[in-house]
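Asker: Okay, here's the prediction I keep looking at, along with the sequence it came from:
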Amino acid sequence: MHRILTYNVHRCRGGDGRLSPARIAKVIASCEPDIVALQEVDVGRRRTGGVDQAGEIARELGMQMHFHPAFHVLEERYGDAILTAHPSRIVKTANLPGLQHYPGLEPRGALWATVDVDGQPLQVVNAHIGLLAYERKLQVQALLGPDWTGHPDCTAPAILLGDFNAVPRSRAYRRMAERFVDAQRAAGVPRPTFPARLPVIRLDHIFVSPGIRVLRTEVIRTPLARIASDHLPLMMEFTLDDAP
């Protein structure tokens with residue numbers, strides 16, 4: 001049995017206004033995951049004290065870290081990361097298409113890693129997509145297309161996860177659910193992940209391909225998780241079917 005977790009860490013700024021990568025790492029460590037997908041991570045940004053948040057969280061967890069900056073100006077970076085203690089390699093990192101004529105929209109990115117789990121290659125794609133419906137449409141189309149999960153190398157077993165800013169009734173969610181299985185639905189009754197203090201909306205999702213058996217999902221609602229970020233972490237326990 002293995003565990004994977006997706007977590008929008010809100011640049012490690014909690015509901016109490018305190019910046020603490022160590023607190024985020026403590027929330028994650030309590031779940032004992034094998035693989036972690038992070039969104040909204042600051043690296044070297046003045047607004048968060050110049051800290052390499054991705055590196056600091058990875059060190060606290062004893063994991064290897066892969067980071068992709070969706071935003072990069074001089075030494076300041078902001079983006080998403082995949083952490084794991086298993087052997088892994090990055091396959092692709094890139095920004096997702098956006099709406100260039102809308103000034104001020106946050107750039108969005110994704111990263112794809114192959115993680116060796118029980119001697120099998122598991123494809124993990126972590127993404128953070130936009131707030132506007134048409135923006136999400138473009139970005140989900142890209143994620144399902146030939147450069148990402150539709151690529152010949154992105155074969156099952158594969159996991160697409162992250163903060164999709166998409167509720168289950170949205171077109172973006174439905175497109176992903178046509179291609180992959182929503183792990184929360186497969187495991188039982190889905191639970192909301194946002195906002196952390198009183199969650200009412202499902203914005204964070206884990207989608208799985210054939211070859212992955214979902215054993216259990218859990219939205220982590222500990223007192224620490226409810227204050228460490230504005231999102232709650234979503235964890236999935238799973239096994240891989242035997243390779244053919």
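Answerer: Structure's in. What do you need?
Asker: What is the neighbour count of L143?
Answerer: As a burial measure, L143 scores 25 neighbours (other Cβ atoms under 10 Å). Heads up, the C-betas are built off the backbone N, CA and C, glycines and all.
Asker: wait, doesn't it sit right on A127?
Answerer: Yes - counting by Cβ atoms under 8 Å, L143 touches A127, with 5.8 Å between them.
Asker: Need the residues touching each of those two.
Answerer: Here L143 and A127 have L96, A110, L160 as joint contacts, going by Cβ atoms under 8 Å, 6 or more residues apart in numbering.
Asker: residue ranges with poor pLDDT in the chain?
Answerer: Applying pLDDT under 70 to the chain flags residues 101, 103, 243-244.
Asker: how far away is the one residue sitting closest to the centre of it from V140?
Answerer: Centroid-nearest residue in the chain, with Cα atoms, centre = their mean: G162, separated by 3.0 Å. According to Cβ to Cβ, to the nearest Å, G162 and V140 sit 11 Å apart.
Asker: in the protein, which spans are helices?
Answerer: 21-29, 53-61, 133-144, 171-179, 183-187, 225-228 (DSSP state H).
Asker: Could you list the buried residues of the third one?
Answerer: This points to helix 133-144. Neighbour counts over helix 133-144 (16 or more other Cβ atoms under 10 Å) mark E135, R136, K137, L138, Q139, V140, A142, L143, L144 as buried.
Asker: returning to that earlier point: nearest to L234 among the shared contacts of L143 and A127?
Answerer: Taking Cβ to Cβ as the measure, L234 sits nearest to L160 out of the shared contacts of L143 and A127, at 12.9 Å.
Asker: how many neighbours does the closest one have?
Answerer: Residues near L160, counting by other Cβ under 10 Å, number 27.
Asker: pretty sure it is touching W112, no?
Answerer: No - applying Cβ under 8 Å, one finds L160 not in contact with W112, separated by 9.4 Å.
Asker: Now do the shared contacts for these two.
Answerer: Here L160 and W112 have V125 as joint contacts, going by Cβ under 8 Å, 6+ apart.
Asker: ok, back up a step: and the residue nearest to the centre of the chain, bridged to which residues?
Answerer: Assessed by DSSP bridges, G162 has beta-bridge partners A127, H205.
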